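A.B. asks: Here is a sequence together with a model predicted from it:
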Amino acid sequence: MNSMIQSSSRIEQCFAQLRKDKQVALIPFLTAGDPDLETTAQALLTLDRNGADLLELGIPYSDPLADGPVIQAAASRSLARGTNLHAVLELVARVTPNLRAPLVLFTYYNPVLALGVENFLDRARASGASGLVIPDLPVEEGEAILAAARARDLDIIWLVAPTSPPERLRRIVTVARGFIYLVSTTGVTGMRDQVSDSVLTVLGALRSLTTRPVAVGFGISTPEQAAQVANWGADGVIVGSAFVQRLAETPTEQRLEAIGAFCSTLKRAMQPKLHSE
């Protein structure tokens, strides 16, 4: 009965439909407020129309331990423009009614604590967000927020690393909702030349423990890498820095077209996986 309740979350329903359709989820990441909040809103809508199955939106933070240089720079620019948590949640509330894809908020724990856990979760839920990624909150310290989030039908997405010991994997799969976020490499986010083979090993370990969807992120920046991870058996592929960089470096009038085309290209690249069964 409990697993049936958990699988009713919006994120779970999305993955269940994708699995039924033999598809792998494409999950783009953007930093809220870079280059500005209105562009973020239009970018989310553009990605939603061009192949994104879920969307991950980063709340800019001054000490982003898990983020590489591209996303750190985007967060710094966003904060310098005055972006704050309240403005991001207002943006999400404005945009989510027009999104097909569920939206997941990426935030460090300090902003959650500053607002108050239950207040933050109430605001996140009211905004239309479907889940949260909190990279600096270890699962061992997450019981209180797990219970509060579950009561609000919000999924807490836990990160698993190539170095995660078996006992931590077992603990995470017992509390996981939505999907499990498999970090493709040790270290921070960012674009890399190749995806580590350790992803395949950890995917296998997780498959032996759970039927929960597993999405792979950190370091995936090209259609070839997305296709590789899809062919390895991931349920989802998360791409962040490559989208953030395109928004930052493309001339203003071409930004949305650029990320929309890149999103479509990534989704198409994952097609060999989609129809190989």
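C.D. replies: Here it is on my side, so go on.
A.B. asks: hang on, isn't residue 117 packed against residue 144?
C.D. replies: Yes - Residue 117 lies in contact with residue 144 (CB atoms under 8 Å); the separation is 6.7 Å. C-beta: built from backbone N, CA, C; applies to glycine.
A.B. asks: When those two are compared, which one has more neighbours?
C.D. replies: residue 117 (14 against 10; other CB atoms under 10 Å).
A.B. asks: So residue 181, which state does it fall into?
C.D. replies: Assigned state for residue 181: strand (three-state reduction, DSSP: H, G, I helix; E, B strand; the rest coil).
A.B. asks: bridging residues for it?
C.D. replies: residue 159, residue 215 (DSSP bridges).
A.B. asks: tell me, how many neighbours does it end up with?
C.D. replies: Residue 181 has 25 nearby residues by other CB under 10 Å.
A.B. asks: Make sure it is actually in contact with residue 215.
C.D. replies: Yes - between residue 181 and residue 215 there is a contact at 5.9 Å, judged by CB under 8 Å.
A.B. asks: what is in contact with those two at once?
C.D. replies: Common neighbours of residue 181 and residue 215, counting by CB atoms under 8 Å, 6 or more residues apart in numbering, are residue 238.
A.B. asks: which residues of the stretch 151-277 of the chain score low on pLDDT?
C.D. replies: 185-194, 196, 272-277 (pLDDT under 70).
A.B. asks: quick one: the strands in it?
C.D. replies: Taking DSSP state E, counting those that start in this stretch as the test, the strands found in the stretch 151-277 of the chain are 155-157, 159-160, 180-183, 214-217, 236-239.
A.B. asks: Most tightly packed of the ones you listed?
C.D. replies: Mean neighbour count (mean count of other CB atoms under 10 Å) peaks for strand 236-239 among the strands of the stretch 151-277 of the chain, with a mean of 28.
A.B. asks: And it, how far out from the chain middle?
C.D. replies: Put simply, strand 236-239 sits 7 Å off its chain's centre (CA atoms, centre = their mean, to the nearest Å).
A.B. asks: switch to numbering from 8
C.D. replies: Renumbered: residue one is now 8, and that last one reads strand 243-246.
A.B. asks: Show me which residues of stretch 101-119 are buried.
C.D. replies: 102-103, 106, 108-116, 118-119 (16 or more other CB atoms under 10 Å).
A.B. asks: Centroid-nearest residue for this protein?
C.D. replies: Residue closest to the average C-alpha location in the chain (CA atoms, centre = their mean): residue 63, at 4.0 Å.
A.B. asks: if I've got this straight, it is in a strand?
C.D. replies: Yes - counting by three-state DSSP, residue 63 is located in a strand.
A.B. asks: beta partners of it?
C.D. replies: Beta-bridge partners recorded for residue 63 (DSSP bridges): residue 36, residue 111.
A.B. asks: got a list of what it touches?
C.D. replies: Going by CB under 8 Å, 6+ apart, the list of residues near residue 63 reads 34, 35, 36, 37, 110, 111, 112, 113, 140, 245, 247.
A.B. asks: Redo those residues as CSV? Include distance to residue 215.
C.D. replies: Formatted as CSV, the contacts of residue 63 follow (distance: CB to CB, whole Å):
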residue, distance to residue 215
34, 24
35, 29
36, 28
37, 34
110, 31
111, 26
112, 30
113, 28
140, 24
245, 22
247, 28
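A.B. asks: out of those, which one sits closest to residue 91?
C.D. replies: Relative to residue 91, the closest of the contacts of residue 63 is residue 112; by CB to CB it sits at 14.0 Å.
A.B. asks: and the longest helix that the chain contains, how far out from the chain's middle?
C.D. replies: Using DSSP state H, we find that the single longest helix of the chain is helix 262-276. Put simply, helix 262-276 sits 17 Å off its chain's centre (CA atoms, centre = their mean).
A.B. asks: Before I go, just wanted to say thanks for your time.
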